[in-house]
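Asks: Generate coordinates for the sequence data below:
(chains A, B, C and D)
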There are 2 protein chains.
Amino acid sequence: MPKRENNSGTAIQTIRRACSILKCFTEENPELGVTTISQKTGIHKSSTSRILSSLQNEGFVEQNAQSSKYRLGLGLVSLAGLVLERLELRDVAQPIIQKLARITQETINISVLKEDESVNIENINSPQPIQHIGLLGRRTPLHCTSTGKIFLAYMTKDERQGLLDETLKSYTQYTVTDRKALEEDLEKIRRQGYAVAHQEFKEGLSAVAAPLFDHNGMVIATISISGPTYRMKKDKIETYLPYLLETSEEISSKLGYSKL
Amino acid sequence: MPKRENNSGTAIQTIRRACSILKCFTEENPELGVTTISQKTGIHKSSTSRILSSLQNEGFVEQNAQSSKYRLGLGLVSLAGLVLERLELRDVAQPIIQKLARITQETINISVLKEDESVNIENINSPQPIQHIGLLGRRTPLHCTSTGKIFLAYMTKDERQGLLDETLKSYTQYTVTDRKALEEDLEKIRRQGYAVAHQEFKEGLSAVAAPLFDHNGMVIATISISGPTYRMKKDKIETYLPYLLETSEEISSKLGYSKL
DNA sequence: CCACATCGTTGCGTCAGGCGCAACACTGTT
DNA sequence: AACAGTGTTGCGCCTGACGCAACGATGTGG
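Replies: Here you go, the predicted model:
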């Protein structure tokens, strides 16, 4: 048997396998067949079938009755709900950002830093039906998102070095891949207290983000407004900014932060 | 080795074990130690430790650096996000219910039926900080919640028989445990097109719910307003009702439902 | 301040349980 | 009707997950 199928170190294989199967499902491929999964993961078809069947018993995946393809199950939502509940931040922030959502009519996200990515833990989607940008739980890179740059800007240079890859991956023609240019951008973000990103991660997508501080003055999360680039021009962003900063300050102060 | 640790049939033990470990975590006990989990599940301490370690590699659990206790991880949120995204209903409903949340200032939930429980797939919490009633992913019983009674009311009697236990479990002194009384309640709910529950599931908790129909005229979900009983008196509910029904009709029509 | 209790982790040898193989039932296509 | 595709399932082999016990770390009470 091949020693390492996808990832790290010492762990129970069955669990590693089960997880790698779960991770096959994406936004683009929400339903997958046994054979496809088997190919993607390199796990034998029979094992794949058995693992899926086990996961189904637990409600982690469901099987489409007609196509007999599998998809992720509601059991995951229950567990994830507990994770989200643990984050007091979310309780505090939710009512407050509703006002911001109403004013801007754009998508609002709250994200936390998890390893070398930021993870959305709360989102209110824009009522304007363009594209769903604010998927709950979505992970995005740090160096090319407004949210991520906030995290980078408010950590020490050493921490930053540890998290960023050698070469900054380019996602669009606007992605900043030069280390020095990024550092300058971060310096500017620290000065002004917010971060902007235009199409640095995805074409046609723009966002503004501000930091959320806890009682220790640490940045524990970010709040961001995002929307299609054509709606998020400079003047529009300048209109939103005071509301964004007001909101972030209100949440931070409820988390026990004082500016002193 | 004992044949059945907790649940059904033929499945890979490691996965069943891993899942039963994950399911140890609750709202009341969000952080657990290896020994505690081992006792709860009946799995040997060493195996428990190894399984947790594997799950940690996958981001499904995290370990508190100080106490070295475990808690559920953000990796689950990413997967659950994909589940929620799959439900087009959620995209459609989210912008619409924001208006309802603003008007009522109470907690709004959207739930779907999953086996013999209803599962919250979307919630907007009340800005009034009393208690968090609308946990995402929370599962609630059918016969004593406004949401659940909607599902029961709009299914056939046979389906209902299949889902309800022999004896209706009593959660509070107000829980309807008499089969006949429940049927009468459901009949009333069908007539008026909404369901009310006062403290039937939890003391001090009240809610009103209405059905959401898809293009086939099937009830696929419910929308509910919930809050503390002292705020949800009869007159208050009557004030909310037209807004609730208007909202549910708006969502249903966007799902392709027409009243004809 | 040390003995003790309790925590979570880890080598080790064993054997149960997960594995790959191949045959299977089933569906939809040529 | 033959076929290529799906997902599922006995079967027997052998690997890999298991329980045991020892370990280091932590903290607690005498």
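Asks: any low-confidence regions in the stretch 151-260 of chain A?
Replies: For the stretch 151-260 of chain A, applying pLDDT under 70 flags the ranges A:260.
Asks: next one: the stretch 1-150 of chain A
Replies: Counting by pLDDT under 70, the stretch 1-150 of chain A contains low-confidence ranges at A:1-10, A:129-132.
Asks: can you pull out the helices in it?
Replies: A:13-22, A:34-41, A:45-57, A:75-86, A:88-104, A:146-153 (DSSP state H, counting those that start in this stretch).
Asks: okay, those helices in CSV with mean neighbour count and distance to B:Ile121 next?
Replies: (Glycine included, C-beta is placed from N, CA and C.) Putting the helices of the stretch 1-150 of chain A into CSV (neighbours: other Cβ atoms under 10 Å in any protein chain shown; distance: least, Cβ to Cβ, whole Å) gives the following:
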stretch, mean neighbour count, distance to B:Ile121
helix A:13-22, 22, 19
helix A:34-41, 17, 25
helix A:45-57, 19, 19
helix A:75-86, 23, 7
helix A:88-104, 18, 16
helix A:146-153, 27, 25
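Asks: Relative to B:Arg138, which of these is closest?
Replies: For the helices of the stretch 1-150 of chain A, distance to B:Arg138 was read as Cβ to Cβ. The smallest value, 6.1 Å, belongs to helix A:75-86.
Asks: Give the other helices and strands that that closest one contacts.
Replies: On a contact count with 3 or more Cβ pairs under 8 Å, 6 or more residues apart in numbering or on different chains; DSSP states H and E, helix A:75-86 meets strand B:70-72, helix B:75-86, strand B:117-124.
Asks: quick one: contacts for the residue in the stretch 151-260 of chain A that chain B sits nearest to?
Replies: Nearest residue of the stretch 151-260 of chain A to chain B (Cβ to the nearest Cβ) works out as A:Lys254 at 10.0 Å. Counting by Cβ atoms under 8 Å, 6 or more residues apart in numbering or on different chains, A:Lys254 makes contact with A:92, A:96.
Asks: can you list the domains in chain A?
Replies: A:13-73, A:87-254 (automatic domain parsing).
Asks: thinking again about what came up before, I'd like the helices and strands packed on helix A:75-86 as JSON lines, with distance to A:Ala101 appended.
Replies: Below are the helices and strands packed on helix A:75-86 laid out as JSON lines (distance: least, Cβ to Cβ, whole Å):
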{"stretch": "strand B:70-72", "distance to A:Ala101": "27"}
{"stretch": "helix B:75-86", "distance to A:Ala101": "18"}
{"stretch": "strand B:117-124", "distance to A:Ala101": "10"}
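Asks: between those, which one is nearest to DNA strand C?
Replies: Closest approach to DNA strand C among the helices and strands packed on helix A:75-86 (Cβ to the nearest atom of the strand): strand B:70-72, 7.4 Å.
Asks: What is the closest one packed up against?
Replies: Against strand B:70-72 (3+ Cβ pairs under 8 Å, 6+ apart) you get helix A:75-86, strand B:31-32, strand B:61-63.
Asks: Take the helices and strands packed on helix A:75-86 and write them to a markdown table, including distance to DNA strand D.
Replies: Shown next, in a markdown table, are the helices and strands packed on helix A:75-86 (distance: least, Cβ to the nearest atom of the strand, whole Å):
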| stretch | distance to DNA strand D |
| --- | --- |
| strand B:70-72 | 15 |
| helix B:75-86 | 17 |
| strand B:117-124 | 23 |
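Asks: Tell me the buried residues in stretch A:247-256?
Replies: If you call a residue buried by 16 or more other Cβ atoms under 10 Å in any protein chain shown, then stretch A:247-256 has these buried ones: A:247-252, A:254-255.
Asks: neighbours of A:Leu113, just the number please.
Replies: Applying other Cβ atoms under 10 Å in any protein chain shown, we find 21 residues neighbouring A:Leu113.
Asks: Distance check, the closest residue to it other than its chain neighbours against A:Asp116.
Replies: Leaving aside its sequence neighbours, A:Leu113 sits nearest to A:Phe151 (Cβ to Cβ, 6 or more residues apart in numbering or on different chains; 4.8 Å). According to Cβ to Cβ, to the nearest Å, A:Phe151 stands 10 Å off from A:Asp116.
Asks: now A:Ala153
Replies: Separation of A:Ala153 from A:Asp116 (Cβ to Cβ): 15 Å.
Asks: Give me the phi and psi angles of A:Lys233.
Replies: Backbone torsions for A:Lys233, taken as degrees, to the nearest 10, come to phi -70, psi 170.
Asks: OK, contacts around it?
Replies: Shown in contact with A:Lys233 (Cβ under 8 Å, 6+ apart): no residues.
Asks: before we move on, the earlier item: would you list the domains of chain A in JSON lines and tack on distance to B:Ser46?
Replies: Supplementary listing: the domains of chain A in JSON lines, determined by distance: least, Cβ to Cβ, whole Å:
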{"stretch": "domain A:13-73", "distance to B:Ser46": "15"}
{"stretch": "domain A:87-254", "distance to B:Ser46": "27"}
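Asks: can you put these in JSON lines and add distance to DNA strand C?
Replies: Formatted as JSON lines, those follow (distance: least, Cβ to the nearest atom of the strand, whole Å):
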{"stretch": "domain A:13-73", "distance to DNA strand C": "3"}
{"stretch": "domain A:87-254", "distance to DNA strand C": "18"}
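Asks: what helix or strand does A:Thr222 sit in?
Replies: strand A:219-228 (DSSP states H and E).
Asks: after that strand comes which helix or strand?
Replies: Following strand A:219-228 in sequence order, the next helix or strand is helix A:234-254 (DSSP H and E).
Asks: what angle sits between that next one and helix A:146-153?
Replies: Going by axes from the mean of the first three to the mean of the last three Cα atoms, to 10 degrees, helix A:234-254 is angled at 60 degrees with respect to helix A:146-153.
Asks: Using PDB, list the CA coordinates for helix A:234-254.
Replies: This file holds the C-alpha atoms of helix A:234-254, laid out as PDB (Å, rounded to 0.1, in the frame of the first residue of the first chain):
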ATOM      1  CA  LYS A 234     -13.500  54.700  -5.100                       C
ATOM      2  CA  ASP A 235     -16.300  57.100  -4.300                       C
ATOM      3  CA  LYS A 236     -18.600  54.300  -3.200                       C
ATOM      4  CA  ILE A 237     -16.000  52.900  -0.900                       C
ATOM      5  CA  GLU A 238     -15.400  56.300   0.600                       C
ATOM      6  CA  THR A 239     -19.100  56.500   1.300                       C
ATOM      7  CA  TYR A 240     -19.100  53.100   3.000                       C
ATOM      8  CA  LEU A 241     -15.900  53.700   5.000                       C
ATOM      9  CA  PRO A 242     -17.300  55.700   7.900                       C
ATOM     10  CA  TYR A 243     -20.000  53.100   8.400                       C
ATOM     11  CA  LEU A 244     -17.600  50.200   8.200                       C
ATOM     12  CA  LEU A 245     -15.200  51.800  10.700                       C
ATOM     13  CA  GLU A 246     -18.100  52.700  13.000                       C
ATOM     14  CA  THR A 247     -19.300  49.200  12.900                       C
ATOM     15  CA  SER A 248     -15.900  47.700  13.600                       C
ATOM     16  CA  GLU A 249     -15.400  50.000  16.500                       C
ATOM     17  CA  GLU A 250     -18.800  49.200  17.900                       C
ATOM     18  CA  ILE A 251     -18.100  45.400  17.800                       C
ATOM     19  CA  SER A 252     -14.600  45.900  19.200                       C
ATOM     20  CA  SER A 253     -15.800  47.900  22.100                       C
ATOM     21  CA  LYS A 254     -18.400  45.200  22.800                       C
END
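Asks: Having no further points to raise, I will conclude here.
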